[in-house]
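**Q** Take a look and give me a structure for this.
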Amino acid sequence: MNLSSSRTRITLALNYVSKELGPQIRLVNGTGLCSGRVEVYYSGQWGTVCDDDWDMMDAEVVCRQLNCGSAVSAPGNDHFGQGSGPTWMDDVVCSGKESTLTQCPHNTTHNCKHGGDSGVFCVSGSPQIRLVNGTGLCSGRVEVYYSGQWRTVCDDDWDMMDAEVVCRQLNCGSAVSAPGNGHFGQGSGPTWMDDVVCSGNESTLTQCPHNTTHNCKHGEDSGVFCLSGPQIRLVNGTGLCSGRVEVYYSGQWRTVCDDDWDMMDAEVVCRQLNCGSAVSAPGNGHFGQGSGPTWMDDVVCSGNESTLTQCPHNTTHNCKHGEDSGVFCLSGPQIRLVNGTGLCSGRVEVYYSGQWRTVCDDDWDMMDAEVVCRQLNCGSAVSAPGNGHFGQGSGPTWMDDVVCSGNESTLTQCPHNTTHNCKHGEDSGDRTDCPQIRLVNGTGLCSGRVEVYYSGQWRTVCDDDWDMMDAEVVCRQLNCGSAVSAPGNGHFGQGSGPTWMDDVVCSGNESTLTQCPHNTTHNCKHGEDSGVFCLSGPQIRLVNGTGLCSGRVEVYYSGQWRTVCDDDWDMMDAEVVCRQLNCGSAVSAPGNGHFGQGSGPTWMDDVVCSGNESTLTQCPHNTTHNCKHGEDSGVFCLSGNGFYHPPCALMNLSSSRTRITLALNYVSKQLGPQIRLVNGTGLCSGRVEVYYSGQWRTVCDDDWDMMDAEVVCRQLNCGSAVSAPGNGHFGQGSGPTWMDDVVCSGNESTLTQCPHNTTHNCKHGEDSGVFCLSEIRLVNGSSRCSGRVEVLYESQWGRVCGQNWDINDANVVCVQLGCGRAKSVLDSAQLGHRSGGGTTWLDNVGCRGNESYLTECSHGGLKHQDFKPSIRLVNGTDLCSGRVEVYQAGQWKNVCGDTWNLQYVNVVCRQLGCGKALWAPEKAYFGQGSGRSITQCSRTAQRTHECGHGNDADVVCSGKCRIYCLHFSYIRIWFENSEKCRNQTVPSVNVSSLDVLTYRFGLAEAFPLHRPILF
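**A** Predicted coordinates:
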């Protein structure tokens, strides 16, 4: 394009480029092209992206779009400063595979301010930097990304100048300290930088003089604490601008000793907090004694520093909390609440002209109270009593006729009069009760179900959108350290009061949970109550299992997660772990690194619990050991909370119909929601149905896509997803619809782990379906849709002979794989296929071209046998039980049960990969079919047979690898990889009583066990 200097033509050209290229993207205020605030160019203007739902998947797309490599982190909360233009995108939910950010699902309407602008750190070709194992983005072990690997920095010559450069490079403000000696734990990669000597003015750490050869071990890894934003507060004063001085360091609020404390020091504190000038600098614990450690002593500020930590000071001291320092700052009229039950309720008083003054209750209402609550950082207003409700004040009355809109930052910003006709009997008692919080049913003060006290009652919090950011706020509010996990689904038991908060979306920086955006209306039941595990003292977690309640046992101690050696590890130890985590009883206690080997140090060995301890660390144990990670201990717990724990199943049952009903129902309850595909051509395609609360239920196709299908296919061991059809593609279901708006990332283990709604506006014409790739594939091609055809049979991939292979055969394969129509047929040489070697399953294939599946085409046999027709089980309680149906000649047909026995059942179970035959039910136990019937297992061809549907063949198989044993008057459950019920029992459930059975399992029919029976 040939442009003149005309401004109009340039504008035209830029707009043309914008329209042709679509929205563009850039990173602003970072340290280069590959870090900064995310901005999108749209409609002639750069705009920001809101950080609601912003995560690493979104950041990954941005980095790839900008050719900046991979994402390192995805900070929100205007980490790179606030933008000034419009906000273009909100609620961005990328899968991570999109080419551009605008391809990701997102909203263009929003409720965001620039304090919620999203940012990105990318790893590009130049060395990048990160902080690991700290309490956030701005503290931790220093690591530099170089040559495809994260590498540590040795602490030789490491000092505050070096730390200052790191903090500035990461947009984390100023350095607080520069610890070495592996303070944040030892790294595992190579060490890349040593003898770093920064002047403090460099833009990046790699610009500082340094060596890349070294003589260091990871015990010398360097670290950094940065001060990103005001990490200082005033406690126990009358507002934000007076109180005991506390500094946040290493995950904890710490006090400042009053040695050498004076007005210069106080001046710096007031300025850092935007609280104006210092009025006084009291010591001697004037605002009450703190409870945390003392961190700073002998502070000597000149008065010009920007932050208190920039002042010369010592971090060692000889002080007690009776010497805690305080500050009074003068920043216009201050406010306090007097005669209430805490800092957040009482008579409203305003400090003006050297005196505390009351507020008259004329026109005093909830809008005025709301401003007071917000000004004092006390959440939302509960009530606004007048008439001297909190007692009559003694000073002058200063404000009257206050009329707030509710949006003001301070009470004095509201319209008001300073003349009045009031007496103290009219003092406003802005009953600004700040909702309190507690954790219930956990193992101490710092874990449990979250409950908020509001309007005279403890209320629960719904788990919609509940995540680690929300849990972090709760833990900090309760002085319980950092959050470890944020379980939902009533993990700590169901509450009994009302639910008050829903859709909580914390940024993680709020002081109280009620400051986080949330709704007070909800559609939740107590099965969705939120919970929290906080880290306060030695904590415990289970890693590499299938949920919160199974995995490798790890204990958090001295800033690091550590493993437990399996010497003497047994069910008593596992029982304590399960109870500590609120995961019910122990099922098994595997050792030998069953859940994979840990990477941190081993801390506990020779653990000998009696089983009655509250925490694992209360059990006798050694902290010295001779173990390797191949001896790491693990636990399977049986929580009954819908978590799927151990992965195996085999059931050896008698022919008792009642006992099998009991067992299958119990299994269903313990495993939680199961899944199946219906009306497809086998186990790996069909309409998606989830078994929940005794019934198979469909999934609505709103937001249904390939990520959701991928999870379904993986959950069913059906390989990868080929397509995700909706609109009732596999026919309309008949049961209720249970899941809607399913949004999987693709990494979940089960469909029910994906975010979803259980309320919906769908009909069965919107039922979701899945095609999984497990029976046919293309190999050695240039894409998923080209290559040599292979068929899976008897767990082995085999070739299809190319003799007589033509475009019609290819068309069927393409359609089956969701690859459209065939373009050409490739010969063996083109695919690098030499003769000989490997298995050929199919020969002489002859398709008409309109078949749905290759196995429907005529062919010359499968190893001299007819290719087995597709088979499925219908109306069972899981994938391995139900009425037998066979797909033949384009139709699902029932199997006549005239001569049906366990031998036939065994064939079906083996063909479906469902283990062994358990039972051959009679008389259409799983319901009557509707199609024609065929006889079973003929060596020549299946024959049609006029058999009454009251005699349809049914099957109960053992399953893939579960073991459930009913023994004596107890139900005992094992999860083993063996076919025998080994004597490793969990605490048993007594079921000798009919009443107990009916109550415990909700069965209409139940039976007492009077004699020892091993099924």
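**Q** Tell me where the stretch 551-700 of the chain has helices.
**A** Taking DSSP state H, counting those that start in this stretch as the test, the helices found in the stretch 551-700 of the chain are 571-580, 657-671.
**Q** Quick check: residue 384 touching residue 406?
**A** No. Using C-beta atoms under 8 Å, residue 384 makes no contact with residue 406, being 11.5 Å away. From N, CA and C alone the C-beta is placed, and that goes for glycine too.
**Q** Quick check: neighbours shared by these two?
**A** residue 366 (C-beta atoms under 8 Å, 6 or more residues apart in numbering).
**Q** the more surrounded of the two?
**A** residue 384 (22 against 14; other C-beta atoms under 10 Å).
**Q** Run through the stretch 101-250 of the chain and note the low-pLDDT ranges.
**A** By pLDDT under 70, the weakly predicted segments of the stretch 101-250 of the chain are 123-127, 135-137, 147-148, 171, 227-231, 238-240, 250.
**Q** so where do the helices sit in it?
**A** Under DSSP H, counting those that start in this stretch, the stretch 101-250 of the chain gives helices at 160-169.
**Q** what pairs with residue 540 across the strands?
**A** Beta bridges link residue 540 to residue 555, judged by DSSP bridges.
**Q** Can we start the residue count at 29 from this point?
**A** All set: I'll call the first residue 29, so the last point we hit is now residue 568.
**Q** residues touching it, list them.
**A** 581, 582, 583, 584, 605, 608, 609, 643, 644.
**Q** Quick check, pLDDT for it.
**A** Note on residue 568: pLDDT of 81.
**Q** Tell me how far it lies from residue 716.
**A** Applying C-beta to C-beta, to the nearest Å, the value for residue 568 to residue 716 is 36 Å.
**Q** cool, and residue 515?
**A** 26 Å.
**Q** Distance-wise, check residue 292 relative to residue 839.
**A** In terms of C-beta to C-beta, residue 292 sits 85 Å off from residue 839.
**Q** Residue 511 now?
**A** 55 Å.
**Q** How about residue 468?
**A** For residue 468, the distance to residue 839 - C-beta to C-beta - is 62 Å.
**Q** So between these two, which is more surrounded?
**A** More neighbours surround residue 839 than the other of residue 468 and residue 839, with 20 against 16 (other C-beta under 10 Å).
**Q** Just say helix, strand or coil for the more buried one.
**A** helix (DSSP: H, G, I helix; E, B strand; the rest coil).
**Q** can I assume it is in contact with residue 847?
**A** No. Applying C-beta under 8 Å as the test, residue 839 and residue 847 come out as separate, 10.1 Å apart.
**Q** what residue ranges in the stretch 629-778 of the chain score low on pLDDT?
**A** 666-701, 709-711, 721-722, 745-748, 750.
**Q** Start from the N-terminal end of it and give the strands.
**A** In the stretch 629-778 of the chain, the strands defined using DSSP state E, counting those that start in this stretch lie at 630-632, 662-666, 702-710, 713-720, 723-727, 748-751, 765-767.
**Q** Mean neighbour count for these - can I get that in a markdown table?
**A** Formatted as a markdown table, the strands of the stretch 629-778 of the chain follow (neighbours: other C-beta atoms under 10 Å):
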| stretch | mean neighbour count |
| --- | --- |
| strand 630-632 | 23 |
| strand 662-666 | 27 |
| strand 702-710 | 21 |
| strand 713-720 | 23 |
| strand 723-727 | 21 |
| strand 748-751 | 19 |
| strand 765-767 | 23 |
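**Q** who wins for proximity to residue 938 among the ones you listed?
**A** strand 702-710 (14.8 Å; C-beta to C-beta).
**Q** Which elements pack onto that closest one?
**A** strand 713-720, helix 734-743, strand 797-801, strand 899-902 (3 or more C-beta pairs under 8 Å, 6 or more residues apart in numbering; DSSP states H and E).
**Q** Walk me through which strands the last one pairs with, and which way each runs.
**A** If I follow you right, that is strand 899-902. Strand 899-902 is paired, per DSSP bridges, with strand 909-916 (antiparallel).
**Q** quick one: average pLDDT of the partner strand?
**A** Strand 909-916 comes out at a mean pLDDT of 79.
**Q** next one: stretch 808-828
**A** 72.
**Q** Start and end of it, how far apart?
**A** 14 Å (C-alpha to C-alpha, to the nearest Å).
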